[in-house]
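1. this one's structure only:
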């Protein structure tokens, strides 16, 4: 059967609450159940390229207390792809396919198999190393929860909780001052986070990338509410929300953009337009990185632990080249060959959208 | 089609974060989508017996802001069963089947259908009113998450979050003082809450009602950890955890109990025994009602909203006599006739138990 | 002695956690200790102008549970000054001194004295009504804690706590990605909030309105830290922080501003400049209204309660025309005539600045 | 002037949020401002006795991120007093004055001065080492805030915040079920924590060690509230609260106590008695160690930092044998000779008690 004695773990891409919980579950399961050794590879693929000095032994001791910590103790790196890599040394700048360096470094360190935790880019490289014969298991990481293959990803619950906490705080300001507050939530391509935040935060309107919005329709809802005595509103706007037939809205300051219809983001645009149409003072707040950080919720800690544990089980069952997924309430797996680039968006006619609409929440459509 | 114009809502049994979110979703969906009127019946079946003075109109205005509030704006009552009811008036104490009073009061108030939110007792009466021809939809409420018919109930996530927050706080004390801290979590018959808290709170041992514990085995794990440098421990003990071959442990002060082997609860007993066996100072903490209260998590707000929304949809589809359930990620329903008394416990060989054991967590077996 | 039977309370200006706690303490103390009646005047001076329909009886019942709520149950209004008032009715737009309308409305409602809770503008009007013979007590409200007359104002602790919570979340992102994150905190003229947040949130640099900054100096500190192994940083920037010899930095999008050197705020500017100088990827986050809202901290609830209680005591002692203040640990008072426009800033050589500098925090000077 | 090159730091006694923040401020200030070396002595005086193997270098790197962590990275020990010390080695049990071993270990390690953070016991030994000529600065630690010499101690704010958070959670349960919930807060001899929690948590009654209570009086208040429509109550009971003329109430299970009038603590007793007298169902909750742990509040982080910073400044000014104190808003110092055993209690007629009474809170007197 399996000849795995020593496994490597790495994290890549944007950080996400629960990464440390996955690392911990991988380490503890590998050591306690299978007697393996575990090596943490720092800074993702860049660390794999640099080799030994970026490798650290993971033990029960140095992983036991990281469950509740945000971020990743292994650090991360963005966009490093050894199959198309650029680096600089004393002899100049080099560019090319340096995946063989990664393979050699694994060999030198006696690492028999790799758990790769990351998003699309990271997992694509994981698949490519798998094709080269490396025993790879992927663990998906996306705070946007937009991976088609898996029902829920860790970090999402924490991001929703952080954004909902902000909604609770903003509510009292909105109400005391009879204001519309437009809250920009993460989500350039998928609106799951904005949708969940909107429902949990009692939003009056939710604007998603998946449903082009008409601000007259949103204004109509807010005016009706005002006539019924609610002289304030909370509106959640996903970063990637788009106006019906409108130009692309620039979600951050881009000075040299040829024609940004609005500087300051989509929430600022929506706030300004709603102020004109509804006649209530409006403000925009961009939640930003606050959604990504912090200690994972209890729920995310458990989910991350399940992902990490399942990764080791897949390795020991010899199911290489697969990614751990959650289907319904069950952990399962899917080939890395099938999952890359396979994203999902909020179903325009899905349950949560219908639930919110039935309660009178406007989606601007 | 349906002739429903005016619906009643009530809550019964112990409180649970998310009750208000259900009430809100029922009210908003009924009004905004179906143009119904909604009547809140205060104090559960007692209010139904007392009639009009306990009935309050629920509106968009008085329910909009209750989403984030713990408890229930409709209050609750325990153990009131109109089919076997005792009450006192100026003419003396009366006892008997007073369900007809409830039926009449519904009629008088023009209430065509009833959403009953509660645990086993509350839903049993709901079923019995349904048998009398009342249009009833049940919404399950159990903070223990131990209802066989549904995968997850609202309130559970909040309880786990509160208990995990306590674990995080206790950890620093345990570590600074090289102590074993035994945390008594809710769960007389089912260990879901203790299990989830143990995993999310990084417990070294978890003692559940479903797995009789042997403290020598627990001590063995803690001693091994100590030898590896972890000179402290967190142990989660469900209220209903039982010792292998042991007497029943009394979970609160019962002075006149014939033979309580221990006053002060099972956690106090476990703490004292582990102190003897492991040789580290030990303490017990009983989380108590803190787990039940407080603002629901974002996750529970969404789940509660889905339950409330689904209840109204079932009513409008004429699916009376059913209880809303969650299966996988889908809302569904099941006949009240089938669900009563049908509880589940933690599967001794289920995924979460296996995940925890693989990481070295002791269950005392 | 005093012939006070019935008092009015109002809130004006931007909202601030603790306003409801003040209202509650005023109401409970007035009723329970002195048997007074209490009238809440909604929407500040606008409500005073509109009279009866904006007046609401405050009771033990409707104030008991507001202690933990953010915002103000009496709503607020900005910039309404009856001594220089503009309003519109069916006969057109009117402008002038309408303070007599306020005085008459108080008389009509039988209100003998007024507790006015607000910032500079609100208290200035309070002083002016006092000059007209109204029995007024002021309660200062400034989330910036920049009132010279009083040591600490309520709301400040909650704002610092919210900002510090954000710092904790951002830390894990900064660390995992080797980034500089610049956090823009409230404070256009005074840096108390930024200073406290910087110390409590373990900032590496703190930029205040009171100390003009030199980004080369800040970069020097961050580079030294990086050389010592800390490859990331948190920088707190007050909205009103100014560059040494630099142009004014525009703290929000002002498209038609003649010469905004930077759109997107001072934190965005600082982030971009530090990225260039330090060579670490940088990001900016604007905390915004999240700092103002939410449930007050325990500390602020107590402080607000003391302010409210003291206001009633001053009224009953006949000390009209004064504002409640906190001096050291004691509640005291100061004439409204002396306090208006009397603001303080962070002492450049004060204890907290020195404490932070001694630990290596850069202030850019 | 001072010839201090290398300083030691230690923590003793029960843990308290903010200890790590003090350690961090001591370390950073010593290194960054004065170029000193800093040695952490683990496990308090026991570590001082054991010497080198318990000594760890404290650096910018290993202290930078501990600000937000509860507990103490240096661990603690209770009741270890080298002037009257018992230990066991292979030659048997030894007892006597072993302070000379501590002095020698300091000398061997080249430690010129000592910052001792702890409660009465720890500081008494600190004073005694000072008398032996060691350069000692004390930093007071008491979560009860009952030290006469200083106005406020760190950790207290966090404990109040944790207890208040529990009150907020319990409120919704109490209200939904028309119950009296009695919350046992820390405080055997001083009621500061119970008093602050009671005010911040909107308690209806607060029972303190300093004011003997009469439950008839408490019941009277709760009945009056009930008659006014508030059919539930929160009562805060300090561990050391005493009944007027009553027996001592045992605050935890003491089976072999000769005459414990009540097992289960004072809150359980109060709950049972109030249930009888008021006629509302009652429950008791013991907050326990949850109050001690967890991340310090922003406020406590700042206060701890000030204490730690001031300790180093005193050392460098040669002010040995003193303890850091806070007077009003100023850091200052007081001789260790004067502060030991000098505790304070809540003033029966102090401002906070009067404020609470004026609002109708019962103290049972």
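-> That came through, no problem. Just so it is clear, the model here is predicted, and its values are computed rather than measured.

2. hey, where'd the helices end up in the stretch 201-350 of chain A?
-> Per DSSP state H, counting those that start in this stretch, the stretch 201-350 of chain A carries helices over the ranges A:215-227, A:266-278, A:298-316, A:336-339.

3. and if you look at the stretch 1-150 of chain A?
-> All helices of the stretch 1-150 of chain A, identified by DSSP H, counting those that start in this stretch, fall at A:19-28, A:34, A:44-50, A:60-63, A:99-108, A:120-131.

4. contacts for the third one, please.
-> The set of residues that contact helix A:44-50 without belonging to it, under C-beta atoms under 8 Å, 6 or more residues apart in numbering or on different chains, is A:10-13, A:41, A:43, A:54-55, A:74-77, A:80-82, A:85, A:87, A:98, A:101-102, A:105-106, A:118, A:122, A:125. Just so you know, the C-beta spots here come from the backbone N, C-alpha and C atoms, and that holds for glycine as well.

5. what stretches of chain A score poorly on pLDDT?
-> A:1-2, A:247-264 (pLDDT under 70).

6. and for it, the residue most distant from the center?
-> In terms of distance from the mean C-alpha position of chain A, residue A:227 ranks first, at 38.9 Å (C-alpha atoms, centre = their mean).

7. gap between that one and residue A:220?
-> Here residue A:227 is placed at a distance of 11 Å from residue A:220 (C-beta to C-beta, to the nearest Å).

8. same check on residue A:147?
-> With distances taken as C-beta to C-beta, residue A:147 is found 35 Å from residue A:220.

9. the two - which one has more neighbours?
-> Higher neighbour count among residue A:147 and residue A:220: residue A:147, with 24 against 15, using other C-beta atoms under 10 Å in any protein chain shown.

10. quick one: residues contacting the more buried one.
-> If you count contacts by C-beta under 8 Å, 6+ apart, residue A:147 has them with A:140, A:153, A:339, A:342, A:343, A:344.

11. the nearest residue to residue A:30 once chain neighbours are set aside: neighbour count?
-> Of all residues not flanking residue A:30 in the chain, residue A:36 sits nearest, at 4.1 Å (C-beta to C-beta, 6 or more residues apart in numbering or on different chains). Other residues lying near residue A:36 total 21 when counted by other C-beta under 10 Å.

12. list the contacts for residue A:36?
-> Residues in contact with residue A:36, defined by C-beta under 8 Å, 6+ apart, are A:4, A:5, A:6, A:7, A:30, A:312.

13. among the residues you listed, which are in strands?
-> Secondary structure from DSSP state E places A:6, A:7 of the contacts of residue A:36 in strands.

14. buried among the contacts of residue A:36? Need that as a selection in PyMOL.
-> Only the buried entries of these go into this PyMOL selection, using 16 or more other C-beta atoms under 10 Å in any protein chain shown:
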select buried, chain A and resi 4+6+7+30+312
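
15. nearest to chain D, of the contacts of residue A:36?
-> Checking those against chain D with C-beta to the nearest C-beta, the nearest one is residue A:30 at 26.7 Å.

16. so the closest one touches residue A:40, yeah?
-> No. Between residue A:30 and residue A:40 there is no contact under C-beta atoms under 8 Å: 11.6 Å.

17. rewinding a little: ramachandran angles for the residue nearest to residue A:30?
-> phi -80, psi 170 (degrees, to the nearest 10).

18. now residue A:270. Nearest residue, chain neighbours left out?
-> Nearest non-adjacent residue to residue A:270 (C-beta to C-beta, 6+ apart): residue A:182, at 4.9 Å.

19. could you do residue A:138 as well?
-> In this structure, residue A:138 finds its nearest non-sequential neighbour in residue A:323, 3.7 Å apart by C-beta to C-beta, 6+ apart.

20. that neighbour reaches residue A:153, doesn't it?
-> No. Using C-beta under 8 Å, residue A:323 is not in contact with residue A:153, being 11.0 Å away.

21. shared neighbours, those two?
-> Common neighbours of residue A:323 and residue A:153 (C-beta under 8 Å, 6+ apart) are residue A:140.

22. how long is stretch A:23-32 end to end?
-> One end of stretch A:23-32 to the other measures 14 Å (C-alpha to C-alpha, to the nearest Å).

23. neighbouring contacts of it?
-> By C-beta under 8 Å, 6+ apart, the residues outside stretch A:23-32 that reach it are A:7, A:9, A:11, A:36-38, A:40, A:58-60, A:63-64, A:66-67, A:72-74, A:115, A:117, A:304-309, A:311-313, B:355, B:358-360.

24. anything in stretch A:229-247 near chain C?
-> No. Contact of stretch A:229-247 with chain C (C-beta under 8 Å from any C-beta of the partner chain) is absent, the minimum separation being 8.8 Å.

25. buried set for that stretch?
-> Buried residues in stretch A:229-247 (16+ other C-beta under 10 Å): A:230-243.

26. now stretch A:30-38
-> Going by neighbour count (16+ other C-beta under 10 Å), the buried part of stretch A:30-38 is A:30, A:31, A:33, A:34, A:36, A:37, A:38.

27. give me every residue that touches the residue nearest the centre of chain A.
-> In chain A, the C-alpha nearest the mean C-alpha coordinate belongs to residue A:143, at 1.8 Å (C-alpha atoms, centre = their mean). Shown in contact with residue A:143 (C-beta under 8 Å, 6+ apart): A:14, A:16, A:153, A:155, A:156, A:159, A:186, A:193, A:291, A:292.

28. measure the closest residue to residue A:136 other than its chain neighbours to chain D for me?
-> Closest residue to residue A:136 apart from its sequence neighbours, by C-beta to C-beta, 6+ apart: residue A:130 at 4.2 Å. Per C-beta to the nearest C-beta, to the nearest Å, residue A:130 is found 36 Å from chain D.

29. for residue A:130, what are its contacts?
-> A:136, A:320, A:321, A:336.

30. neighbours of the closest residue to residue A:285 other than its chain neighbours, how many?
-> Nearest non-adjacent residue to residue A:285, counting by C-beta to C-beta, 6+ apart: residue C:288, 4.4 Å away. Neighbours of residue C:288 under the rule other C-beta under 10 Å: 23.

31. is residue C:288 in contact with residue A:288, as I believe?
-> No. Using C-beta under 8 Å, residue C:288 makes no contact with residue A:288, being 9.5 Å away.

32. widest-spaced pair of the buried residues of stretch A:30-38?
-> Maximum pairwise distance among the buried residues of stretch A:30-38 (C-beta to C-beta): 13.3 Å, between A:33 and A:37.

33. measure the nearest residue to residue A:231 once chain neighbours are set aside to residue C:176 for me?
-> Excluding the flanking residues, the one nearest residue A:231 by C-beta to C-beta, 6+ apart is residue A:178, at 4.4 Å. Counting by C-beta to C-beta, the separation of residue A:178 from residue C:176 is 40 Å.

34. before we move on, what about residue A:209?
-> Look at residue A:209 and residue C:176: by C-beta to C-beta, they are 26 Å apart.

35. and what of residue A:59?
-> On the measure of C-beta to C-beta, residue A:59 and residue C:176 end up 20 Å apart.

36. higher neighbour count, these two?
-> Applying other C-beta under 10 Å to residue A:59 and residue C:176 shows that residue C:176 carries more neighbours, namely 26 against 16.

37. the more buried one should be in a helix, yeah?
-> Yes. Residue C:176: assigned to a helix according to DSSP: H, G, I helix; E, B strand; the rest coil.
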